[in-house]
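Enquirer: sequence below, structure please.
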Amino acid sequence: MNRTLSQLAIFILIMCSGLSAAAFPLKVKGIDTTRTAVMVFDLTFGRPVVQANITTPLIPASIMKAVTSASVLNLSDSDERFATPVVAEGKIEGNVLRGNIVIKVSGDPTIESEHFPEACHFADSIAAGLRAAGITRVEGRVIVDESGFIHTGTPAGWMKEDLTWPYGTDLHGANFRDNKFILRLPSRTTEPHVPDLDIRHINPSARARSVKRHDGSSTITFSGRIPPKGWSDRLSTPDPSKVMRHEVTETLRKAGIEVKGENISPASGFTLIYTHFSPTFDSILRSLMHRSDNMMAEGMLRAIRPGASRADAIDEELMIWKDKGISTTGLSIEDGSGLSRNDRLTAQFMTDVLRSMLGPEYGTDYTSLFPVAGRDGTMRRTFLDTPLEGSVALKTGSMKGVRSFAGYRFDESGSPTHVIVVIANGLRCSPSELKKGLESLLMEIF
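Expert: Okay, here's the model as predicted:
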């Protein structure tokens, strides 16, 4: 097809974009056409190719992470980092610290994360800093100071059953080893060690197994029969600061630094021992977007307003888009990850955000965050062996009854040509059926 015919085809699609329910663009059985929004926006012509329900507020699921990432890049340099200073509080007399080791945390979600090898060796670095200062005995304790982080509890709209599992772990001032651990039964051992964990086993003869932990509780209730070879699974950590404190204390002792653990009141005088820096913000954003990491998304939301509450960060986020002239009508934002079922976005808002991030001040910092079809993260198996493979990059979202996509289509030179947004609520078809419907729509357009 020559360029004139291509432009004519696009023009016809544009003229037909005022779609009725009977002509809904996604030909998929099991979608609620009144609660599914579709927008494919042609960046060359500056017009929508296809649109439906674009001003309807809908549950976005994890495409909320694309909004959070865009907000962070609007306010921060991509090479910015979280900083966690560790100080010796008190007097140093010879090789003795007559005081405490204080870790001043501020919500860094990456400390000892398995996804960032460069963020590991936290406790070893503290030990090295103490040895460099000539300290081999600490009369006080290791203290994790979370006073610089306002913890306002789990975001509204997070489901109780999610909180037990790693994907549902909350953000804390101190976050350690991705706020998750392995529990093994019947030995009741954990990896890493989780202090003060209360494990209760009920209904030991029941075939069906379940694991529950209430919000803010350190009690884990396991129901059901334990298999002869034992049982293990990854769970969310109730209080990551305790895990951090325990690991640092034990590492110091193994390094020959005695920690007596006496309760010593804060003394005057601070000596900087070590400052831990996170990976750069752009590295964190790329990782969380590709893997759809909820806890890291919550950490980046709070980076919008360091030291402030989640609500303050969200207010700042909304102000960013209002200042750019983007309508926030109908929006409701409770978190940075999209795990809240109280979140509401519109396809129009998502499209406007994605379009606004194509300015020269962002370069490829933003568009490179999106997983590429057939290659990266959550899109690794999507659109394989089709012309869309490698040419479409989308953030996906998924929860019960909800599937969403948001991102870009690129030409052969890597320049974005279209914005793509799909938000489906009340879904009754399988995720694969929706993907096939989206694939058919995009193939028809492109």
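Enquirer: in this protein, which ranges drop under the pLDDT threshold?
Expert: 1-22, 266-267 (pLDDT under 70).
Enquirer: what ranges do the helices span in it?
Expert: 3-15, 64-75, 122-132, 240-254, 281-291, 294-302, 310-323, 347-356, 431-445 (DSSP state H).
Enquirer: where's the second one relative to the chain centroid, distance-wise?
Expert: This points to helix 64-75. With CA atoms, centre = their mean, to the nearest Å as the basis, helix 64-75 stands 11 Å off its chain's centre.
Enquirer: which other helices and strands contact that helix?
Expert: helix 281-291, helix 294-302, helix 310-323, helix 347-356, strand 392-399 (3 or more CB pairs under 8 Å, 6 or more residues apart in numbering; DSSP states H and E). C-beta: built from backbone N, CA, C; applies to glycine.
Enquirer: again, only using 6 Å
Expert: helix 294-302, helix 310-323 (3 or more CB pairs under 6 Å, 6 or more residues apart in numbering; DSSP states H and E).
Enquirer: please identify the most buried of the helices of the chain.
Expert: helix 294-302 (a mean of 27; mean count of other CB atoms under 10 Å).
Enquirer: now do that helix: everything it contacts.
Expert: 65, 68, 72, 107, 109, 167, 169, 171, 179, 284, 288, 313, 336-337, 339 (CB atoms under 6 Å, 6 or more residues apart in numbering).
Enquirer: mind listing what's buried along stretch 137-144?
Expert: 137-144 (16 or more other CB atoms under 10 Å).
Enquirer: which residue lies farthest from the center of this structure?
Expert: No residue in the chain sits farther from the centre than G94, which is 44.9 Å out by CA atoms, centre = their mean.
Enquirer: ok, I31 - how many residues close by?
Expert: Neighbour count of I31, defined by other CB atoms under 10 Å: 22.
Enquirer: for the closest residue in space to it that isn't next to it in sequence, name its beta-bridge partners.
Expert: Among residues not flanking I31 along the chain, A424 sits closest, at 5.6 Å (CB to CB, 6 or more residues apart in numbering). Taking DSSP bridges as the rule, A424 bridges to T36, R403.
Enquirer: first-to-last residue distance for stretch 374-389?
Expert: 5 Å (CA to CA, to the nearest Å).
Enquirer: can you give me the strands in the stretch 101-250 of the chain?
Expert: Assigned by DSSP state E, counting those that start in this stretch, the strands in the stretch 101-250 of the chain fall at 137-138, 142-145, 180-185, 189-191, 198-202, 210-212, 219-223, 231-236.
Enquirer: now the ones you listed as JSON lines including distance to T280?
Expert: JSON lines is the format used below for the strands of the stretch 101-250 of the chain (distance: least, CB to CB, whole Å):
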{"stretch": "strand 137-138", "distance to T280": "32"}
{"stretch": "strand 142-145", "distance to T280": "24"}
{"stretch": "strand 180-185", "distance to T280": "23"}
{"stretch": "strand 189-191", "distance to T280": "29"}
{"stretch": "strand 198-202", "distance to T280": "38"}
{"stretch": "strand 210-212", "distance to T280": "36"}
{"stretch": "strand 219-223", "distance to T280": "35"}
{"stretch": "strand 231-236", "distance to T280": "26"}
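Enquirer: picking that back up, out of the helices and strands packed on helix 64-75, nearest to V38?
Expert: helix 310-323 (21.3 Å; CB to CB).
Enquirer: what about the nearest residue to P279 once chain neighbours are set aside, how many residues nearby?
Expert: Nearest residue to P279, sequence neighbours excluded (CB to CB, 6+ apart): F116, at 5.1 Å. The tally of other residues near F116 (other CB under 10 Å) stands at 18.
Enquirer: leaving out the residues flanking it, which one is nearest to the residue farthest from the centre of the chain?
Expert: G134 (7.6 Å).
Enquirer: go on, Q348?
Expert: Nearest in space to Q348, with sequence neighbours left out and distances taken as CB to CB, 6+ apart, is I54 at 4.3 Å.
Enquirer: again, but for M289
Expert: Using CB to CB, 6+ apart, the closest residue to M289 is L369 (4.4 Å).
Enquirer: for the one you found, give me its contacts.
Expert: Per CB under 6 Å, 6+ apart, neighbours of L369: 69, 285-286, 289.
Enquirer: need those residues in CSV (columns: distance to R234).
Expert: Below are the contacts of L369 laid out as CSV (distance: CB to CB, whole Å):
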residue, distance to R234
S69, 25
L285, 24
R286, 23
M289, 22
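Enquirer: pretty sure I126 contacts L272?
Expert: No - proximity of I126 to L272 does not meet the contact threshold set by CB atoms under 6 Å, at 11.5 Å.
Enquirer: before we move on, the earlier item: take the helices of the chain and write them to JSON lines, including distance to S268.
Expert: Compiled in JSON lines, these are given as follows (distance: least, CB to CB, whole Å):
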{"stretch": "helix 3-15", "distance to S268": "70"}
{"stretch": "helix 64-75", "distance to S268": "36"}
{"stretch": "helix 122-132", "distance to S268": "20"}
{"stretch": "helix 240-254", "distance to S268": "23"}
{"stretch": "helix 281-291", "distance to S268": "35"}
{"stretch": "helix 294-302", "distance to S268": "31"}
{"stretch": "helix 310-323", "distance to S268": "32"}
{"stretch": "helix 347-356", "distance to S268": "49"}
{"stretch": "helix 431-445", "distance to S268": "59"}
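Enquirer: nearest to D32, of the strands of the stretch 101-250 of the chain?
Expert: strand 210-212 (30.5 Å).
Enquirer: and the closest one, what's buried?
Expert: Quick answer for strand 210-212 (16+ other CB under 10 Å): 211-212.
Enquirer: ok, that strand: who's next to it in the sheet?
Expert: Partners of strand 210-212 in the sheet, by DSSP bridges, are strand 219-223 (antiparallel).
Enquirer: may I have the partner strand as CSV, with CA atoms only?
Expert: These are the backbone C-alpha positions of strand 219-223, laid out as CSV (Å, rounded to 0.1, in the frame of the first residue of the first chain):
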residue,chain,number,x,y,z
THR,A,219,0.9,-13.8,63.2
ILE,A,220,0.8,-16.1,60.3
THR,A,221,-2.0,-18.7,60.3
PHE,A,222,-1.4,-21.8,58.2
SER,A,223,-4.4,-24.0,57.7
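Enquirer: re the thing from before, and the residue nearest to I31, how far from T36?
Expert: Taking CB to CB, to the nearest Å as the measure, A424 falls 4 Å from T36.
Enquirer: what's the burial count for the nearest residue to A311 once chain neighbours are set aside?
Expert: Residue nearest to A311 in three dimensions, not counting chain neighbours: T152, with 7.2 Å by CB to CB, 6+ apart. The local packing of T152 (other CB under 10 Å) involves 10 other residues.
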